[in-house]
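1. build me a model:
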Amino acid sequence: MNATGRETIYTAGWIFPICRPPINGGFLRVVDDRIVEIGALSDGDYRHQDVVDLGDVAVLPRMVNAHTHLEFSDCLTPIGQPGIALSDWIGSVIAARGVATSDQRQDCIGAGIAESVAAGVGLIGDIATAPSAYPTDAGATIVSFAEVLGLSIDRAGERFRSAQKHADSLAANPSVDFGVSPHAPYSTPPDLIRRCVDLAKQHGAALAMHVAESPDERTLLRQGSGPFADALRSAGLWTEGLFPWAGSQPLMELIGWLAEAPRGLLIHGNDLQDDEIERISRHRQLSVVYCPRTHHFFGHPRHGVQKLLDAGIRVAIGTDSRASNPDLSVWKEVQFLLDHRPDLDPHAVLEMATLAGSDALLGAGSQCGRIQPGRIPHQRPVMIPTTAKRLNQVWRDFAVGELSCTGLPGRA
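-> I've put the predicted structure just below:
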């Protein structure tokens with residue numbers, strides 16, 4: 001017995017701390033609900049301790065969903081057909097959102113959190129239509145990004161004030177951090193984006209923005225034309241003088257604005273060019289969030305995720321929402337990449353789904369997304385069955401394995 005409580009040693013075939021290399025034949029020493037030591041079985045003799053052998057499994061930290069829209073968790077299938085143009089899909093999403101009541105949105109958020117936790121997710125970056133509320137015992141940490149958009153002065157002002165109120169409303173919930181999300185360049189004018197950056201700085205908060213989703217976005221910003229311009233006119237949202245943006249490189253300027261936030265998440269980044277990738281790489285507080293199965297749903301060209309990683313940019317994984325994805329499982333995003341992107345290092349894929357998302361959302365001091373001493377209780381590890389003796393065999397088991405989220409035996 002340890003002076004502070006019951007001590008248990010858990011052993012497993014593999015342990016993936018993420019913040020250090022995988023351990024073949026490892027142990028976790030747990031006192032009460034906290035991990036206090038991690039290592040290889042060869043590091044010590046624990047025959048006289050209370051030892052629980054987890055068996056032929058790999059132990060991993062809970063997943064991190066760096067970007068999702070929980071309010072669409074009632075979608076049984078994605079909106080539209082695979083390969084739909086982004087501008088057409090957004091119109092359908094606006095129509096779906098317009099008929100949802102505040103109570104329905106809250107129900108969807110609750111359902112999305114429950115689905116996420118059941119799928120092994122311990123940290124969620126949620127884009128929220130304020131006002132939105134979250135349970136205090138959700139079983140996951142949440143960064144709630146108040147969505148701000150509006151091409152008219154009145155709409156922009158109303159959504160920005162809602163974001164300010166959202167920050168205050170979350171203060172009493174220890175499971176939720178405030179974030180702000182100027183929605184996208186096609187829906188949020190430059191002055192409103194800069195106001196959101198200032199709000200993030202005021203609260204020391206993360207900021208998330210959909211950036212470079214498709215070449216059509218670049219056409220709108222540079223030329224004031226194309227499918228996005230047509231969609232805005234058809235919806236009666238076109239405002240003269242907002243497009244094109246001033247300057248010849250609007251996305252380069254946008255990256256500079258976002259870099260002023262304490263933490264900035266560029267969502268999707270499907271159409272980032274080499275000079276823009278280089279610009280992002282200069283700012284360690286910036287991350288890109290890649291949503292693999294949503295990217296696949298739209299039929300976008302091959303994502304430049306490897307270029308981003310090669311440039312030293314932090315890349316996290318998100319699920320977007322059930323409006324563009326069949327579910328909210330980050331583990332299934334990992335399996336999708338293991339199957340469809342053999343060019344990616346499998347350990348880098350795991351890092352994108354865990355540690356990278358945590359650092360993007362909460363900063364490098366966060367304990368989420370990794371297994372290390374000091375782990376907070378609700379971030380209990382997850383497990384994948386594997387009898388592999390070599391690391392390359394583990395990846396094959398990961399590609400087909402079901403995640404077990406029951407936690408460590410005898411622990412909450």
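2. in what helix or strand does C196 lie?
-> In this assignment (DSSP states H and E), C196 forms part of helix 190-203.
3. name the residues of that helix that are buried.
-> P190, L192, I193, R195, C196, V197, L199, A200, H203 (16 or more other C-beta atoms under 10 Å). Just so you know, the C-beta spots here come from the backbone N, C-alpha and C atoms, and that holds for glycine as well.
4. elements contacting it?
-> Packing partners of helix 190-203 (3 or more C-beta pairs under 8 Å, 6 or more residues apart in numbering; DSSP states H and E): helix 153-169, strand 176-182, strand 206-211, helix 250-258.
5. what angle do the second one and helix 250-258 make?
-> When you say that, I think you mean strand 176-182. Here the directions of strand 176-182 and helix 250-258 differ by 150 degrees (axes from the mean of the first three to the mean of the last three C-alpha atoms, to 10 degrees).
6. measure the nearest residue to S144 once chain neighbours are set aside to F336 for me?
-> Closest residue to S144 in three dimensions, ignoring its sequence neighbours and counting by C-beta to C-beta, 6 or more residues apart in numbering: A128, at 4.9 Å. Plainly put, A128 is 26 Å away from F336 if you go by C-beta to C-beta, to the nearest Å.
7. again, but for L199
-> 34 Å.
8. phi and psi next, for the spatially most central residue of the chain.
-> For the chain, the residue nearest the mean C-alpha position is A66 (0.9 Å; C-alpha atoms, centre = their mean). Here is the backbone geometry of A66 (degrees, to the nearest 10): phi -80, psi -10.
9. right, and it touches D126 too?
-> No: taking contacts as C-beta atoms under 8 Å, A66 lies outside contact range of D126: 10.3 Å.
10. wait, T11 touches V52, no?
-> Yes: T11 lies in contact with V52 (C-beta under 8 Å); the separation is 7.4 Å.
11. who's in contact with W331?
-> M63, A119, G120, A353, L403 (C-beta atoms under 8 Å, 6 or more residues apart in numbering).
12. as a markdown table, those residues with pLDDT and distance to A246 would be great.
-> Formatted as a markdown table, these follow (pLDDT from 0 to 100; distance: C-beta to C-beta, whole Å):
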| residue | pLDDT | distance to A246 |
| --- | --- | --- |
| M63 | 97 | 41 |
| A119 | 97 | 44 |
| G120 | 96 | 45 |
| A353 | 98 | 38 |
| L403 | 94 | 48 |
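13. top of the residues you listed by number of neighbours, please.
-> M63 (32 neighbours; other C-beta atoms under 10 Å).
14. was I right to think that residue contacts V121?
-> Yes: with contact defined as C-beta under 8 Å, M63 reaches V121; the gap is 4.7 Å.
15. joint contacts of those two?
-> Joint contacts of M63 and V121 (C-beta under 8 Å, 6+ apart) are V330.
16. and I267, how many residues sit next to it?
-> Neighbours of I267 (other C-beta under 10 Å): 27.
17. show me the domain layout of this protein.
-> 7-61+371-400, 63-362 (automatic domain parsing).
18. any idea which of the ones you listed is most buried?
-> domain 63-362 (a mean of 20; mean count of other C-beta atoms under 10 Å).
19. how long is it end to end?
-> 14 Å (C-alpha to C-alpha, to the nearest Å).
20. likewise stretch 177-197?
-> 16 Å.
21. still on that earlier bit, just the mean pLDDT for the helix holding C196, thanks.
-> Regarding helix 190-203, the rounded mean pLDDT is 98.
22. neighbouring contacts of it?
-> Under C-beta under 8 Å, 6+ apart, the answer for helix 190-203 is 148-150, 156, 160, 163-164, 167, 178-182, 185, 188, 205-207, 209, 245, 254, 257-258, 260-263.
23. tell me the mean pLDDT over the host helix or strand of G26?
-> Take DSSP H and E as the rule and G26 turns out to sit in strand 23-31. The average pLDDT within strand 23-31 is 92.
24. helices or strands up against it?
-> strand 7-15, strand 34-40.
25. between these, which gets nearest to E217?
-> For E217, the closest of the helices and strands packed on strand 23-31 is strand 7-15, at 41.9 Å, according to C-beta to C-beta.
26. partner strands of that closest one, with direction?
-> Using DSSP bridges, the strands paired with strand 7-15 are strand 23-31 (antiparallel), strand 51-53 (parallel), strand 57-60 (parallel).
27. neighbouring contacts of that strand?
-> So strand 7-15 is in contact with 1, 22-31, 38, 41, 46, 49-59, 371, 383, 386-388, 394, 408, 410, going by C-beta under 8 Å, 6+ apart.
28. what pLDDT is listed against R284?
-> So, for R284, pLDDT stands at 97.
29. that one: what's it in contact with?
-> By C-beta under 8 Å, 6+ apart, the contact list for R284 reads R314.
30. sorry, back to before: quick one, the strand holding G26 and strand 34-40 angle?
-> Using the same axes, to 10 degrees: strand 23-31 against strand 34-40 is 150 degrees.
31. so which helix or strand takes in T77?
-> Using DSSP H and E, no helix or strand contains T77.
32. find the nearest non-adjacent residue to it, please.
-> P326 (7.0 Å).
33. the one you found in helix, strand or coil?
-> Using DSSP: H, G, I helix; E, B strand; the rest coil, the three-state assignment for P326 comes out as coil.
34. end-to-end on stretch 233-241?
-> Using C-alpha to C-alpha, the distance between the terminal residues of stretch 233-241 is 13 Å.
35. for the stretch 201-350 of the chain, give me the ranges with low pLDDT.
-> Within the stretch 201-350 of the chain, no stretch has pLDDT under 70.
36. all helices for it, in order.
-> Ranges of helices within the stretch 201-350 of the chain are 215-223, 227-234, 250-258, 274-281, 292-298, 305-310, 330-340, 346-352, based on DSSP state H, counting those that start in this stretch.
37. just tell me which of those helices ends up closest to R322.
-> Across the helices of the stretch 201-350 of the chain, R322 has its closest neighbour in helix 292-298 (10.2 Å, C-beta to C-beta).
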